[in-house]
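[1] just the structure for this:
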Amino acid sequence: MSDRPAAQTAAQPAAQPATPATANFDNFTGTRPVSAQHAFDEAALSAYLHAHMPALAAGPLEFEQFKGGQSNPTFRLTAADGQRYVLRRKPPGVLLQSAHAVDREFRVISALHGSEVPVARAHVLCEDPAVIGTSFYVMDCIEGRVLWDPTLPGMTPAERDALYDELNRVIAALHRVDPSAVGLDGFGKVGGYLERQVKRWIGQYRAAETEQIAAVEALIDWLPRHLPAEGPTRIVHGDYRLDNVMFHPTEPRILAVLDWELSTLGDPMVDFAYHCMTWHMHNGPTARGLAGADLAELGIPDEAAYLQTYLSRTAQGDRQISADEWGYYLVFNMFRLAGILQGIMARALQGNASSPQALEAGRRARPLAEQAWALAQTLYRG
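    Numbering: from 1, shown residues only. The predicted structure follows:
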């Protein structure tokens with residue numbers, strides 16, 4: 001998907017049996033030396049952080065780059081006293097307008113710190129490109145597990161059920177937050193969210209387009225003509241999924257929600273539907289999902305039960321969502337993800353993608369768009 005920021009992990013997930021979907025996880029977990037295309041002036045950064053982070057111990061800093069991350073390059077900083085921090089920066093090069101918004105990430109996790117939504121503590125935001133060439137921010141490094149395969153191999157049904165219940169609990173907690181109560185009034189516009197999102201992602205796709213895809217052209221025509229009724233305005237994460245949260249090393253408890261780059265104010269149901277795309281994707285070499293899995297045997301709730309639990313937790317149990325509306329949310333999110341993947345492909349071709357696997361990820365845009373268009377053709381026929 002859009003951005004794998006193994007950003008706040010110091011401890012890696014427990015080893016899992018290799019499957020087609022998990023065999024290449026070493027490409028995304030752990031750290032490596034800072035790559036040549038993302039190198040920066042380490043002395044200048046050290047001087048800036050020592051001047052602006054009172055908590056930072058005096059002495060030299062060690063820098064490593066996390067392997068994961070398709071969008072914002074992410075680095076682990078180790079201070080002289082052994083304390084670790086995470087730095088997220090915009091990538092170098094020509095960027096899409098409003099993309100790689102590290103300033104928004106910093107603002108939202110700062111606002112949510114101390115709420116029911118677990119986030120890392122943010123320390124400093126620097127928007128002066130003179131320091132390392134692009135904007136960046138620094139936050140705490142959280143010790144825990146990032147789980148990649150949604151089928152959770154090697155776990156018991158009870159363990160899987162507990163982990164999915166925790167995923168559900170945390171996104172419901174996010175969608176219960178009153179933006180005004182945490183100082184996020186101006187974090188996004190109120191009203192017209194989905195209409196703006198459709199327009200935005202059509203524009204984002206066009207700006208990053210590397211080839212013409214017939215299914216994309218059909219979706220660009222279909223999406224604006226079938227907009228459903230709008231729901232309440234809440235904080236939406238934009239990329240909430242299993243591997244964008246940090247679990248406790250041994251407990252089914254989320255310690256931090258990661259990667260807030262796409263967060264804004266909007267309809268929480270659209271955000272939740274993005275999260276539920278996992279149930280519509282197959283596990284394989286280039287994607288991770290639950291489609292075709294025996295959910296009852298695994299102990300993982302089906303989509304309908306998972307949705308009902310979420311609605312109960314967010315006090316939206318009386319919100320009427322038709323099959324066509326739910327299908328539209330899924331189609332839109334598949335198109336949106338195809339746009340994100342097209343952006344990854346464009347950066348890969350430019351040579352400034354964060355991950356060596358970017359080209360492979362970008363090739364997923366076409367089949368995902370075709371899946372979205374196939375679903376769209378089944379809707380609004382009654």
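
[2] remind me, longest helix of this protein?
    Identified as the longest helix of the chain according to DSSP state H is helix 323-350.

[3] report the buried residues of it.
    Neighbour counts using 16 or more other CB atoms under 10 Å place 325-348 of helix 323-350 among the buried residues. C-beta: built from backbone N, CA, C; applies to glycine.

[4] list the contacts of residue 111.
    182, 183, 184, 187 (CB atoms under 8 Å, 6 or more residues apart in numbering).

[5] can I get those in CSV including distance to residue 146 and neighbour count?
    Converted to CSV, the contacts of residue 111 look like this (distance: CB to CB, whole Å; neighbours: other CB atoms under 10 Å):
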residue, distance to residue 146, neighbour count
182, 26, 18
183, 29, 12
184, 26, 20
187, 26, 18
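
[6] could you pull out the helices for this structure?
    For the chain, the helices defined by DSSP H cover 42-52, 102-112, 129-132, 157-176, 193-208, 214-222, 268-275, 295-298, 303-313, 323-350, 358-362, 365-376.

[7] what about stretch 114-125, distance to the chain center?
    Here stretch 114-125 is found 16 Å from its chain centre; the criterion is CA atoms, centre = their mean, to the nearest Å.

[8] what comes up buried for that stretch?
    Using 16+ other CB under 10 Å as the test for burial, stretch 114-125 gives 117, 118, 119, 120, 122, 123, 124, 125.

[9] looking at the last one now. What's its pLDDT?
    Among the per-residue scores, residue 125 holds a pLDDT of 97.

[10] test my guess that it contacts residue 106.
    Yes - using CB atoms under 8 Å, residue 125 is in contact with residue 106, at 4.3 Å.

[11] any common contacting residues for those two?
    Taking CB under 8 Å, 6+ apart as the criterion, residue 125 and residue 106 both touch residue 137.

[12] by average pLDDT, which secondary structure element in the protein comes out worst?
    The helix or strand of the chain with the lowest confidence, counting by mean pLDDT, DSSP states H and E, is helix 358-362 at a mean of 68.

[13] so which of the helices of the chain gets nearest residue 78?
    Closest approach to residue 78 among the helices of the chain (CB to CB): helix 42-52, 11.7 Å.

[14] identify all contacting residues around that closest one.
    Contacts for helix 42-52 (CB under 8 Å, 6+ apart): 56, 58, 60, 61, 63, 77, 87, 124, 126, 131, 132, 138.

[15] now with 10 Å, please.
    Contacts with helix 42-52, where a contact means CB atoms under 10 Å, 6 or more residues apart in numbering, come from 34, 41, 56-63, 75, 77, 79, 85, 87, 89, 123-126, 128, 130-133, 136, 138.

[16] okay, residue 40: pLDDT?
    Listed pLDDT for residue 40 reads 90.

[17] brain fart, residue 8
    pLDDT, residue 8: 38.

[18] do residue 133 as well
    Listed pLDDT for residue 133 reads 91.

[19] what sits against it?
    Residues in contact with residue 133 (CB under 10 Å, 6+ apart) are 38, 39, 40, 41, 44, 89, 90, 91, 92.

[20] wait, which of those residues is closest to residue 229?
    residue 90 (36.0 Å).

[21] burial of the nearest residue to residue 292 once chain neighbours are set aside, as a residue count?
    Distances taken as CB to CB, 6 or more residues apart in numbering place residue 282 nearest to residue 292, at 5.7 Å, with adjacent residues excluded. A count of neighbours around residue 282, defined by other CB atoms under 10 Å, yields 14.

[22] and if you look at residue 272?
    26.

[23] what do you get for residue 381?
    6.

[24] quick check, pLDDT for the residue nearest the centre of the chain.
    The centre of the chain sits closest to residue 239, judged by CA atoms, centre = their mean, with a distance of 3.2 Å. For residue 239, the pLDDT comes out at 93.

[25] now do it against residue 295, distance only.
    23 Å (CB to CB, to the nearest Å).

[26] repeat for residue 122
    From residue 122 across to residue 295, the span is 37 Å (CB to CB).

[27] picking that back up, residue 231: which of the buried residues of stretch 114-125 is nearest?
    residue 117 (19.1 Å).

[28] now that closest one, nearest residue through space, not along the chain?
    Computed as CB to CB, 6+ apart, the closest residue to residue 117 that is not its neighbour in sequence is residue 174, at 4.9 Å.

[29] the one you found touches residue 245, doesn't it?
    No - using CB atoms under 10 Å, residue 174 is not in contact with residue 245, being 11.1 Å away.

[30] identify the contacts common to those two.
    Listed as contacting both residue 174 and residue 245 by CB under 10 Å, 6+ apart are 118, 237, 257.

[31] now do the contacts for residue 83.
    Residue 83 sits next to 55, 56, 57, 77, 140, 141 when contact means CB under 10 Å, 6+ apart.
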